[in-house]
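Peer 1: structure of the sequence below:
(2 chains)
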2 protein chains.
Amino acid sequence: MANKDKESKSIVAQFWATMQTNDFREAAQLLSEDFVLEWPQSGECIRGPDNFAALNEHYPAARRWRFTVLRILAEGDQVVSDVGVTDGEITGRAITFSTVREGRIVSQVEFWPDAFEPAEWRAHWVERL
Amino acid sequence: MANKDKESKSIVAQFWATMQTNDFREAAQLLSEDFVLEWPQSGECIRGPDNFAALNEHYPAARRWRFTVLRILAEGDQVVSDVGVTDGEITGRAITFSTVREGRIVSQVEFWPDAFEPAEWRAHWVERL
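Peer 2: Predicted coordinates:
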């Protein structure tokens, strides 16, 4: 793995480790001033570290969030992470495409895949995990 | 990018290019005999190239599928692709973590993130794309 890849990956790993402390202001220090987070599923977009921190601080009725990095890989300034997120009650999974520049995350495109039902038509070719 | 990364990425790129022909038997040639595809959202698992091809051939009432690779990145034998999928009516998005060995895809963990509604509580810190 090239140095650039390692550096990018280490910034994103540090981001998730800081999210784990639930100090979202601290995590926001790893975001560039012109940071943009996109959620293509809802068409929502969060601009800037302050909005990022505030949004996370205001999640309604959340307890302490835990973040488990299940997978992370990097190519150049691009990093993909697969992260389990839970507060003990709510459980989610974030697949995040991050772009890193000069030691900060400048953009993220993030997906939150929800559970769905196995379909009947394909049952013949499918096993259950 | 190291040679290994390039090789892995090229196999997965070739896989999606072959999927684009809608010849799923041909695409299955790029999968190892012990290939496993997991859909964590439904707990479904497809084992082997034959089941993979058959399942894709039996999608109910599908027209011709088009696959648009929006993003692809590789680290070693790991490749992540972000692919738009549509038959002109149904539209989906597949985020796929593929593992490549000896020129074939040996496993995939695939997510299908569906649209969700923007939440009211966070509207203050969010813009619309």
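Peer 1: contacts and neighbour counts: CA atoms only from here.
Peer 2: Will do.
Peer 1: which bits of chain A sit near chain B?
Peer 2: A:1-2, A:38, A:40-47, A:51-52, A:54-55, A:58-60, A:73-76, A:78, A:80, A:111-118, A:121-122, A:125-129 (Cα under 8 Å from any Cα of the partner chain).
Peer 1: quick one: average pLDDT of the helix of greatest length in chain A?
Peer 2: Using DSSP state H to define each element, chain A has its longest helix at helix A:3-20. Taken as a whole, helix A:3-20 has a mean pLDDT of 96.
Peer 1: who are the packing partners of it?
Peer 2: helix A:24-28, strand A:66-75, strand A:78-86, strand A:91-101, strand A:104-111 (3 or more Cα pairs under 8 Å, 6 or more residues apart in numbering or on different chains; DSSP states H and E).
Peer 1: what's the angle between it and strand A:91-101?
Peer 2: 140 degrees (axes from the mean of the first three to the mean of the last three Cα atoms, to 10 degrees).
Peer 1: list the buried residues for helix A:3-20?
Peer 2: A:4-9, A:11-13, A:15-20 (16 or more other Cα atoms under 10 Å in any protein chain shown).
Peer 1: with stretch A:94-114 instead?
Peer 2: A:94-100, A:104-114.
Peer 1: with stretch A:74-92 instead?
Peer 2: Buried, per 16+ other Cα under 10 Å, within stretch A:74-92: A:74-86.
Peer 1: may I ask which two of those are separated the most?
Peer 2: Comparing all pairs in those by Cα to Cα, the longest separation belongs to A:76 and A:86, at 29.6 Å.
Peer 1: what kind of secondary structure is the closest residue in space to residue A:125 that isn't next to it in sequence in?
Peer 2: Spatial nearest neighbour of residue A:125, excluding adjacent residues (Cα to Cα, 6 or more residues apart in numbering or on different chains): residue B:51 at 5.2 Å. When classified by DSSP: H, G, I helix; E, B strand; the rest coil, residue B:51 comes out as helix.
Peer 1: per-residue confidence at residue B:51?
Peer 2: On the pLDDT scale, residue B:51 gets 98.
Peer 1: look up how far residue B:36 lies from it.
Peer 2: 10 Å (Cα to Cα, to the nearest Å).
Peer 1: tell me how many other residues crowd residue A:118.
Peer 2: 15 (other Cα atoms under 10 Å in any protein chain shown).
Peer 1: I figured residue A:112 hits residue A:93, correct?
Peer 2: Yes. Using Cα atoms under 8 Å, residue A:112 is in contact with residue A:93, at 5.7 Å.
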